[in-house]
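[1] sequence isn't available, so here's the structure alone:
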């Protein structure tokens, strides 16, 4: 006799009552009651006449044949007085073989239907086999394998509601016996098995199938844990991530049906208008369906009586008979509406989190009297889980909204986030107190600005070159096709079109004039492309035509090959430069927390502001400014070096220029609400912003040479003190082999409204290898700086 659900088992099952008979025989020796003694003697006489009850039964047929006598033997363990209350049967541990059911157990199985097979929830072949082996180890080898985890049966009732039962086993009347094929287990084997639960082959090797006998009988007892199981499932489901909760509707219906023992039950949620921020996503996020109380997105259909109970008394409101409710004064509108959507009874429960009304949970049924004030108290077990879920969901929504704002609209740098948070908290608490509150602009006083720019040298010229190459390739392809067609057909229009295209090609050989790109592209799109599509081509010409249009960009209708390659190259360069700078910036924050922002164009530029007002919790010292200036100079040199090192496979020769602007005074920065960014505050210091915008095109005084040059860093200053400071940094980086030896001192032409600017310009060592001395003295940078600034 084997377990019917599993292919392999270490056990051969023998149903026997020998241990119970032995216990009865021992009890009779000390028995004083003559009537009871006579009863037992008669019973044992019947048992002795059926030796298989003691020696063992090997099939279901034998058990059924002796069913009546087995029932008599087990009367002491299965009292008739408890048969309608207890859920018990005879079974063996982990074996799906049961008989001698109590009346209640029979009733449960009858409700489940004749086709229902009772099985242990989640018990698969692997776990079943290992658990059987553990029974052998504990019984025969006196080990301590713990088998005490809970096991459950899931059995539907007559309404189709799934009930859940926890199983308990009494194994006092069983014994485990090895057969001749059983393998002896050593202490080393036991240690090995403890470490290898997942190795089923090992367990089957040590305990071969059918090598052991489990003989006797056990008592299976079930306890109804439907509500506890439903609450656990509810908690587990509501803890799922947002995406996992989208499909929870049916699962929640099932859970609430189990709790209320009602098959025709539905769960809904109506958000309260004051919780507008979660109305959009609540249905999916919490798992409930907006069901009844807000028809057509209008006001809540709640009578004053219901509102008072829900939101003043903060209690449940139950309606057991909707028809009677709808006839009561003040409840007519609500009652008639709920009847119109098929609700005959319901329970409404308020969701109040942190003193704020979030909405109403609805438990509804189309059956009159199914829901009422008594079973409404079952929500006492459910509501804490739901309230916890709402608190977590609200927090998740706030966090996600904040993340979206940060990512999609504006990024607030961590160094200044505390200031925005402080202002937002002020606004929040003022709003609670119903006081008018005007948002103040975020200002940081007395901060030192640092500006740097890494640009692509001659990006406009490179792009123009790409434009010319694209246009010439396009013209060449068109001329080839038109000339092939005109050679076959005596068509003067082709000659005129060929003439125009050749004229454009000749113009491109000379120079790309302003507006020429648009002129040529417009002519091709309006005159040439329609002509090509109207003509009839032979097979080879048709192939050429298809190849040509395959190279035309569908959006712009232009030949976008070299230009696309250039734009992609620039984007890749910018991405690498940005990543390099951002990564190093995170490290620079350890110097002293400071504000940092970066912008992309043909290259990247960045602003930094450092000062006590940005990080008031720490003591600011001017040494941090000097340290940050040196960091900026070194990192900008390393950016150029990294670019030159990696650019060998680039389709264009992209060269970088580098510029640093030193400003010698502390400024104030203000967050511009309209532009969502920081800007220099005050008209005097706005000069700094003007200089930044005009410097990249500036030339050396009395020269046509730009102050920025490829692979060189230009340091613009306004006074001799800044010059001396940066000369020390330059010498240090020359010592580290980052910069080359020659230092150019240049004066800058007068810009509009700005004069007296000077610069240091030094070539970056793009072939650099640090000297041994530089490696050795790298960790002495702080000491070096201290000696320089004493």
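    On my side now, so go ahead. All values derive from a computational prediction rather than experimental measurement.
[2] so where do the strands sit in the stretch 651-790 of the chain?
    With strands called from DSSP state E, counting those that start in this stretch, the stretch 651-790 of the chain shows them at 656-662, 667-672, 677-681, 712-717, 739-747, 758-764.
[3] which stretch in those strands has the least confidence?
    Per-segment mean pLDDT for the strands of the stretch 651-790 of the chain reaches its minimum on strand 677-681, at a mean of 69.
[4] need the per-residue pLDDT for residue 246.
    The model's pLDDT for residue 246 equals 41.
[5] would you turn the strands of the stretch 651-790 of the chain into JSON lines with mean neighbour count?
    For glycine as for every other residue, the C-beta is placed from the backbone atoms N, C-alpha and C. Shown next, in JSON lines, are those (neighbours: other C-beta atoms under 10 Å):
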{"stretch": "strand 656-662", "mean neighbour count": "23"}
{"stretch": "strand 667-672", "mean neighbour count": "18"}
{"stretch": "strand 677-681", "mean neighbour count": "17"}
{"stretch": "strand 712-717", "mean neighbour count": "24"}
{"stretch": "strand 739-747", "mean neighbour count": "14"}
{"stretch": "strand 758-764", "mean neighbour count": "21"}
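[6] what's the mean pLDDT across stretch 511-518?
    For stretch 511-518, the per-residue pLDDT averages 74.
[7] start to end distance for that stretch?
    14 Å (C-alpha to C-alpha, to the nearest Å).
[8] want to try a markdown table for the strands of the stretch 651-790 of the chain, with distance to residue 456 as columns?
    Shown next, in a markdown table, are the strands of the stretch 651-790 of the chain (distance: least, C-beta to C-beta, whole Å):
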| stretch | distance to residue 456 |
| --- | --- |
| strand 656-662 | 6 |
| strand 667-672 | 28 |
| strand 677-681 | 23 |
| strand 712-717 | 14 |
| strand 739-747 | 21 |
| strand 758-764 | 15 |
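[9] closest to residue 568 out of the ones you listed?
    strand 656-662 (17.4 Å; C-beta to C-beta).
[10] still on that earlier bit, which one of the strands of the stretch 651-790 of the chain lies closest to residue 614?
    From the strands of the stretch 651-790 of the chain, taking C-beta to C-beta, the stretch that ends up closest is strand 667-672, at 9.0 Å.
[11] residue contacts, residue 142?
    By C-beta atoms under 8 Å, 6 or more residues apart in numbering, no residues touch residue 142.
[12] how much space separates it from residue 185?
    The gap separating residue 142 from residue 185 is 11 Å, by C-beta to C-beta, to the nearest Å.
[13] now residue 337
    Applying C-beta to C-beta to residue 337 and residue 185 gives a distance of 71 Å.
[14] these two: which is more packed in?
    residue 185 (19 against 15; other C-beta atoms under 10 Å).
[15] give me the three-state assignment for the more buried one.
    Three-state call for residue 185 (DSSP: H, G, I helix; E, B strand; the rest coil): coil.
[16] ok, it touching residue 208?
    No - under the criterion of C-beta atoms under 8 Å, residue 185 makes no contact with residue 208, lying 11.9 Å away.
[17] can you report how many residues neighbour residue 54?
    Count around residue 54 with other C-beta under 10 Å applied: 15.
[18] quick one, what contacts it?
    So residue 54 contacts 16, 17, 18, 21, 47, 48 (C-beta under 8 Å, 6+ apart).
[19] and what of residue 705?
    If you count contacts by C-beta under 8 Å, 6+ apart, then residue 705 has residue 699 around it.
[20] what do you get for residue 136?
    10, 176, 207, 212.
[21] rerun at 6 Å
    176, 212 (C-beta atoms under 6 Å, 6 or more residues apart in numbering).
[22] doesn't it lie inside a helix?
    Yes - counting by three-state DSSP, residue 136 is part of a helix.
[23] next one: it from residue 208, what distance?
    Residue 136 is 12 Å from residue 208, where distance means C-beta to C-beta.
[24] which residues of the stretch 201-350 of the chain fall in strands?
    Counting by DSSP E, counting those that start in this stretch, the strands of the stretch 201-350 of the chain are 212-216, 218-224, 266-271, 317-319, 345-353.
[25] least reliable of those strands by average pLDDT, please.
    Taking the mean pLDDT of these, strand 266-271 comes last: a mean of 75.
[26] okay, angle between that one and strand 345-353 too, please.
    40 degrees (axes from the mean of the first three to the mean of the last three C-alpha atoms, to 10 degrees).
[27] helices and strands around strand 266-271, which ones?
    strand 356-365 (3 or more C-beta pairs under 6 Å, 6 or more residues apart in numbering; DSSP states H and E).
[28] pairing partners for the strand it packs on, with directions?
    Strand pairing for strand 356-365, determined by DSSP bridges: strand 266-271 (antiparallel), strand 345-353 (antiparallel).
[29] residue 662 is nearest to which of these?
    With C-beta to C-beta as the yardstick, what comes closest out of these is strand 345-353 (54.1 Å).
[30] which residues touch that closest one?
    Taking C-beta under 6 Å, 6+ apart as the rule, strand 345-353 contacts 310, 314, 316-320, 358-365, 368, 370-371, 376, 379, 390-391.
[31] now stretch 554-574, how far from the chain's geometric center?
    34 Å (C-alpha atoms, centre = their mean, to the nearest Å).
[32] neighbours of residue 133, how many?
    21.
[33] quick check, pLDDT for it.
    The model's pLDDT for residue 133 equals 93.
[34] that one: helix or strand, and which one exactly?
    helix 125-140 (DSSP states H and E).
[35] cool, and residue 62?
    Using DSSP H and E, residue 62 sits in helix 60-65.
[36] again, but for residue 644
    Short version, using DSSP H and E: residue 644 is in helix 622-646.
[37] same question for that helix: list its buried residues.
    Neighbour-count burial for helix 622-646, counted by 16 or more other C-beta atoms under 10 Å, picks out 624-641, 643-644.
[38] what comes into contact with that helix?
    448, 450, 452, 454, 577, 580, 584, 588, 591-592, 610, 656, 658, 729, 738, 764, 766.
[39] so which residues of the stretch 401-550 of the chain form strands?
    Going by DSSP E, counting those that start in this stretch, the stretch 401-550 of the chain shows strands at 443-456.
[40] select, out of the strands paired with strand 356-365, the one closest to residue 477.
    It is, among these and with distance given as C-beta to C-beta, strand 266-271, at 61.5 Å.
[41] got a list of contacts for whatever helix or strand residue 109 lives in?
    Residue 109 belongs to helix 103-112 when assigned by DSSP H and E. Applying C-beta under 6 Å, 6+ apart, the external contacts of helix 103-112 come out as 83, 84, 87, 89, 155, 156, 157, 158.
[42] what's the most distant pair in those residues?
    Using C-beta to C-beta, the pair of the contacts of helix 103-112 lying farthest apart is 83 and 156, separated by 22.2 Å.
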